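# quick one, structure for this:
(chains A and B)
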Number of protein chains: 2
Amino acid sequence: MKYNFKGEIYPVNKNASEILDIPCYSSVEELPDGIDLAVVVLPATIVPKIIEQCGAKKIKNAIVVSGGFSETGEEGRELEEKLKEVAENHGIRIIGPNCIGTIDTHAPVNTTFVVGMPEQGGIGFISQSGAMVAAVIDWARGAGVGFSRIVSLGNQIDVTETEMIDLIGNDRQTEVITAYAEGVSDGAQFLKISREIARKKPFVILKGGQSEKGAEAVSSHTGALSGSKEAYSAAFKKSGVLEARTMEEMFDWARALAWQPLPKGKQVAVLTNAGGPAILAVDALEKAGLEMAPLTDETKAYLKSRLPKAASAKNPVDVLAGSGPATYTLALEALLTDETVDAVIVIQAPQDWFLPASLAEVVGETAGLHNKPVIASIMGKASVDEALNILHKRRVPNVAFPERAASILSAMVQRKEWMNSENHQPEDAAEFIPADTDRFIENENWEKLIESYGISLPDQSEATSLDDAIEISNQIGYPVVMKLIAKEHTHKSDIGGVQINLNSDDDVRNAWRNITEAAEKVNAEMDGVLIQKMLRNGQEVIIGIKQDEQFGPLVLFGTGGTDVELYKDVKTAVAPLSEIEATQLIESTIAGKKMKGWRNLPPADIKEVRKTLISMSRIAVNHPEIKEMEMNPLYVLKEGDGAFAIDIRGSK
Amino acid sequence: MKYNFKGEIYPVNKNASEILDIPCYSSVEELPDGIDLAVVVLPATIVPKIIEQCGAKKIKNAIVVSGGFSETGEEGRELEEKLKEVAENHGIRIIGPNCIGTIDTHAPVNTTFVVGMPEQGGIGFISQSGAMVAAVIDWARGAGVGFSRIVSLGNQIDVTETEMIDLIGNDRQTEVITAYAEGVSDGAQFLKISREIARKKPFVILKGGQSEKGAEAVSSHTGALSGSKEAYSAAFKKSGVLEARTMEEMFDWARALAWQPLPKGKQVAVLTNAGGPAILAVDALEKAGLEMAPLTDETKAYLKSRLPKAASAKNPVDVLAGSGPATYTLALEALLTDETVDAVIVIQAPQDWFLPASLAEVVGETAGLHNKPVIASIMGKASVDEALNILHKRRVPNVAFPERAASILSAMVQRKEWMNSENHQPEDAAEFIPADTDRFIENENWEKLIESYGISLPDQSEATSLDDAIEISNQIGYPVVMKLIAKEHTHKSDIGGVQINLNSDDDVRNAWRNITEAAEKVNAEMDGVLIQKMLRNGQEVIIGIKQDEQFGPLVLFGTGGTDVELYKDVKTAVAPLSEIEATQLIESTIAGKKMKGWRNLPPADIKEVRKTLISMSRIAVNHPEIKEMEMNPLYVLKEGDGAFAIDIRGSK
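Model (predicted):
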């Protein structure tokens, strides 16, 4: 009632005859037919009974606010099961239990007990924590953040976060979706729906519960390096969901994404009336991976002619403290017209001789004449309230200190880049299943498996005797490498089971002895020795795949070697990969930078690495029975010379 | 006048007979004697003349607000020189020019033209940007941040940031010093004064202008890895200055440091009435390097007995939404009494049934009964104003979202750790100067130099012929390493000038040939070959020293090898190092973690690394004529077996 719900309200309570002057029903049975939604705020123990009654009344939707279910222990869990069963029997959809309900500012409907209705706006907020909803509503008032719909999901016995993302994503009033989530209920479904929605509108998420105590002992680097946190981030990335680090950042981003167009590229101009704040903005932009727009000569000449003599006509453009809204207008117009500028940050340090509101007016109006994002930082707090209102009306976000503008723009660039990559979807992995893969997997013959997917192996063969080894080495041609074959020892180099740089039969003899001794020392049963062509002057990267419980097939790429867990230069993505995703994955690591040519190293065969990465991603998709597999290293020679999988391990 | 200055004010203006009802003097000459301070707000061109007149009048202090000096170009620079000369001739101390003056809220004096006087409080703020002062004052009103003194320094022709740090650091009303600085005028002086001040009170700095375009080509890793940004950070660390990343963080930290005691350790308890916000706090604490307090069994049992059945009596302690200020009081008291708890974050998600102000009262009062820091996060914005006032009166900082509390506590822990390390000062480097160092440096014989400082080298000798090489190799004992000696080639391994794992005279012959060919290929003049005992199963770290323009001798430590610039696992410190500083430097890198024992690697001889690091830091202090020197690697064997400097390069 307080928030102007336009429909009928039917209070039910057995002890009251009316509530707030509305006649009260003593039971659900007595209610008239045709009721759309039941909001249940009763002790947990009687909730299943009430839902049962709703079923009889053909009420098909319920929000169960009551707590006291699975979150409280075993008894509660049983009660929750019962509630679920009753609801299913009657085909009733339930939000909750243990939630605070839902708000629609446009209908309007507000079923929550939270004080105050949020301002109307274009942001939808889905939360797996009721407390967050209350905090966000309270905080958002006055921050220029208006909401379309807010939902608290509670224990999610029926309606899940993904269904809600779908619903709110398709809500006409919602321009941007935000979510606080501690997990998702169905990874595959989340990936599918989120991506569909993210193609239509921006979707920002804050993932709670990212701290992880050291992962348990696992059999491969891939397992150790790609925990649940990395899987979530990879899933968000794949489906175009922007991952914020804090609540403030989430709503900073959401507001800008709702109000401003996306930038075409990452070149930013900074317009300011003071040096210090501009320096902070430039620092923050660089940290966020954005670039300073160079400005055309024309723009610079124009600015020089219009700005005070001592002003800076280069980016950052400093109009100096003496300039007012008119100078800002001319400079902002010039910057927004400049083709090298993708976005502008407008900074005003407080001064005493014109109203911040006047600047807000001209910035808002000028920004509206162009299709590039503008973020304002009219600094201070006490004196800019009116300016804020004006900017908010014009849909220009304002931040109290300019550093936050860099984070906002980086999120917008991230979305733009994802939108671009969405035009290049990976091919269907199932179309690339070679023959015999089942047999290879059955026998755990990982080398044959990857070979059948077109991944290159170095010239190699297994030897079971020294004579054998010498013969093979001569066939392959020196130099060669010899490696102990012993199932139970995965870190063979650690125990002396790998001998490199063998140049002669004598070297092979020595190596054979060393490996035999090494195997004896750790009581390893020696199944033979692998002899490989020794490759040189290449770079070592790791490529791994794994099945994530929640999101399925993942691919991992980064710097290879024995210290991978220590330096952690590895990034994770959801399989299958498109060309563009493979390139992004490679370029997000130091290994990727190094492959472009580093010191005396020539550029490496990145094309072949990309191909291998895509093939591995297809293996992950096509053969979910493989729990983990990795090559460490993939040995990458110079451009055109290929990349070879050297040490392949897998587990079913 | 507006801000209640208690002394006499004498306006001077040749066109007015009175200003704001105060009689106006038409020139400085006419002023009475005994004036303490001149505030000059006149066109730049006449400022030198006016300061001259002040000199004649024996006015010994001036704030020159006027802009139009060196910040505007050559003409302005000349004018500034003239101003400086006049001031020096008359012994007048000048703040500015091109500044906005100074504020003392306690005197009170306010010479600025900024609108509004900041709230009185314990924070001193020094700024090299006038715009920052205005923005900060404006923003701080209502944020619970009160100031003692604020100074804008402008072009710093006379009074420097360091003098001001000294002055405000010794100001009775100032509890915490904050500064926005784009540089310091004298590095050595800054180090000395800042450290003196930081021992007395917390000092937080925000350094502007950290972005650096890629450093120019330099001759060593050390040069490339330790630019001006790293030097500043090292200087701040050495002198106990806390480096904030944003303005908001600086004042978040300052407020907490002014109001709350330092934590003894890094174990934090989180007290909450809702799960979601607590999860965000725990995430942020972990990211900030803090730990969750385990709580004693006693505390857990007590909490279990006092909290609702479904509540969490473990850390984070969740009292649930139904609990009010009394439950919070009991739980907070229990946590603050618990010996495993060093600090507490108290979170309240908004609810409707008790006043946030009531919680603020009990949190403030309970916190005041203990000597451990308490940070509140009474969430939301619109409904907590009264609560904020109460908390601020009780000197308990509040943050709108709990993530910020983690950053605050990490700064407090950092200060505590620095205070502890301050009890262990490095010994005087000058006491460790060996004989003959001048000669070694003269001849650029870096190996002899470091040897004289007690740093170990592997068994090695130079050979100028193949026969020579074979003889030496046999003396040293196989395996050996051979390295090209050729002055102009520093990255010898890149050109094939390093041959390792040589086990026989034949190997030495091959290697000699390879090295000779490699040298020919790049047209290098081969001065001979260095033959070294080949060390095995060790770890490679880099230790470098350099002279920084601003802060003098620096030491650098991290992962060694040829990819140091790529992975950048290196940290910089100001020399000389104490034992504790050397340990902190080592432990701040991945190389340091690896040396503690990694996979099959046994723990390395960290003691020897520390010794080498300290010796190198002494070399940096004692011999500033050495511009850069590094060993890459220092080859570290297992505990007790030593660490050996392998490839030493230096330049004068």
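
# got the domain ranges for chain A?
Structural domains annotated on chain A: A:1-98, A:99-218+A:242-259, A:261-423, A:459-533, A:539-651, as defined by automatic domain parsing.

# distance to B:Leu42 for those domains - can I get that in JSON lines?
Bear in mind the C-beta positions are built from the backbone N, C-alpha and C, glycine included. Output for these, formatted as JSON lines (distance: least, Cβ to Cβ, whole Å):
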{"stretch": "domain A:1-98", "distance to B:Leu42": "60"}
{"stretch": "domain A:99-218+A:242-259", "distance to B:Leu42": "42"}
{"stretch": "domain A:261-423", "distance to B:Leu42": "16"}
{"stretch": "domain A:459-533", "distance to B:Leu42": "76"}
{"stretch": "domain A:539-651", "distance to B:Leu42": "55"}
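
# any stretches of the stretch 151-300 of chain A with poor pLDDT?
A:210-226 (pLDDT under 70).

# at 50 what do you get?
The stretch 151-300 of chain A contains residues with pLDDT under 50 at A:213-219.

# all helices of it, in order?
Secondary structure of the stretch 151-300 of chain A (DSSP state H, counting those that start in this stretch): helices at A:161-169, A:187-200, A:221-225, A:228-238, A:247-259, A:275-287, A:297-306.

# and those helices: which comes nearest A:Ala313?
helix A:297-306 (3.8 Å; Cβ to Cβ).

# do the closest one and chain B meet at all?
No - against chain B, helix A:297-306 shows no contacts by Cβ under 8 Å from any Cβ of the partner chain, the least distance being 13.5 Å.

# in terms of secondary structure, what does that helix contact?
helix A:325-337 (3 or more Cβ pairs under 8 Å, 6 or more residues apart in numbering or on different chains; DSSP states H and E).

# what is the orientation angle of the helix it packs on with helix A:297-306?
Interaxial angle, helix A:325-337 versus helix A:297-306 (axes from the mean of the first three to the mean of the last three Cα atoms, to 10 degrees): 170 degrees.

# helices or strands up against helix A:325-337?
So helix A:325-337, by 3+ Cβ pairs under 8 Å, 6+ apart, packs with strand A:267-272, helix A:297-306, strand A:343-348, helix A:356-368.

# tell me which of the ones you listed is the most buried.
strand A:343-348 (a mean of 29; mean count of other Cβ atoms under 10 Å in any protein chain shown).

# other residues contacting that one?
If you take Cβ atoms under 8 Å, 6 or more residues apart in numbering or on different chains as the criterion, strand A:343-348 is touched by A:263, A:267-274, A:277-278, A:281, A:285, A:328, A:332, A:335-336, A:356, A:359, A:363, A:367, A:372-379, A:402, A:405-406, A:409, A:412.

# recalculate using a threshold of 7 Å.
With Cβ atoms under 7 Å, 6 or more residues apart in numbering or on different chains as the test, strand A:343-348 has contacts from A:263, A:268-273, A:277-278, A:281, A:332, A:335-336, A:356, A:359, A:363, A:372-379, A:402, A:405, A:409.

# can you add distance to B:Thr612 and give the helices of the stretch 151-300 of chain A back as JSON lines?
Below are the helices of the stretch 151-300 of chain A laid out as JSON lines (distance: least, Cβ to Cβ, whole Å):
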{"stretch": "helix A:161-169", "distance to B:Thr612": "55"}
{"stretch": "helix A:187-200", "distance to B:Thr612": "50"}
{"stretch": "helix A:221-225", "distance to B:Thr612": "32"}
{"stretch": "helix A:228-238", "distance to B:Thr612": "37"}
{"stretch": "helix A:247-259", "distance to B:Thr612": "43"}
{"stretch": "helix A:275-287", "distance to B:Thr612": "34"}
{"stretch": "helix A:297-306", "distance to B:Thr612": "52"}
